[in-house]
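Participant: structure, please.
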Amino acid sequence: MIVDNYNQTVINTLWNHKISFVFFVLLTAVGYMSLPYLNNVQEDLEKRIKHKDQLLNIEEVKERIDSFDVILDVRSTNEFESGHVILSNVVHMEHTKILSQENSDFLNKNGISKHDSILIYCNSGNRSSQVIQHMINDLGYSKDKLFLTTEKYHSINKIIV
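Facilitator: Numbers count the residues shown, from 1 in each chain. Take a look at the predicted model:
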């Protein structure tokens, strides 16, 4: 009998506040569905804070595309073979190979010098971020010559054509 009274009280409360309850449920659902978007925004802001002027959006890449001596694709070989930026100065090296190097000889042998202006890209910017930090901190590259983007190769190809 106590349980019945409790259930009836809950039902009456929900019925009396149905508009507020529906609003609350809808607001909660919209918030839940927005979480992936908000996580992406947060990751992008963290990358922007970490890399400041080095992180280029698609408009900045479009403005500077001709100024890069090298466009470094640090994705896996399978990703590269499925599609990549279609310029002659694109160099593909998996990020793990670059990160395993203790000096810049490996990059020099592949046509990348410390004097080159370099745009580094991958699919999300995570691997690019690791590579750029390694090149600056461990290999002695100048921060002013290294740039990265979170744009995908097909977006970069669209601005080239």
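
Participant: ramachandran coordinates for the nearest residue to G125 once chain neighbours are set aside?
Facilitator: Distances taken as CB to CB, 6 or more residues apart in numbering place T150 nearest to G125, at 3.6 Å, with adjacent residues excluded. Glycine gets a C-beta too; all of them are placed from N, C-alpha and C. Phi and psi for T150, reported as degrees, to the nearest 10, are phi -100, psi 0.

Participant: quick one, what contacts T150?
Facilitator: For T150, the contact set (CB atoms under 8 Å, 6 or more residues apart in numbering) comprises 44, 47, 55, 121, 124-125, 128.

Participant: in JSON lines: those, plus secondary structure, pLDDT and distance to L38.
Facilitator: As requested, the contacts of T150 are exported to JSON lines (DSSP: H, G, I helix; E, B strand; the rest coil; pLDDT from 0 to 100; distance: CB to CB, whole Å):
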{"residue": "D44", "secondary structure": "helix", "pLDDT": "79", "distance to L38": "11"}
{"residue": "K47", "secondary structure": "helix", "pLDDT": "80", "distance to L38": "15"}
{"residue": "L55", "secondary structure": "strand", "pLDDT": "89", "distance to L38": "19"}
{"residue": "Y121", "secondary structure": "strand", "pLDDT": "93", "distance to L38": "24"}
{"residue": "S124", "secondary structure": "coil", "pLDDT": "84", "distance to L38": "16"}
{"residue": "G125", "secondary structure": "coil", "pLDDT": "85", "distance to L38": "17"}
{"residue": "S128", "secondary structure": "helix", "pLDDT": "93", "distance to L38": "22"}
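
Participant: let me know the closest of the residues you listed to K18.
Facilitator: Of all the contacts of T150, K18 sits closest to D44, with 39.1 Å by CB to CB.

Participant: all helices of the chain, in order?
Facilitator: In the chain, the segments counted as helices under DSSP state H are 2-16, 18-51, 58-64, 77-82, 95-99, 105-109, 126-137, 153-160.

Participant: so which of the ones you listed is the most packed in?
Facilitator: Highest mean neighbour count among these (mean count of other CB atoms under 10 Å): helix 126-137, with a mean of 20.

Participant: mind giving me the packing neighbours of that one?
Facilitator: Using 3 or more CB pairs under 8 Å, 6 or more residues apart in numbering; DSSP states H and E, the elements in contact with helix 126-137 are helix 18-51, helix 95-99, strand 118-121, strand 146-149.
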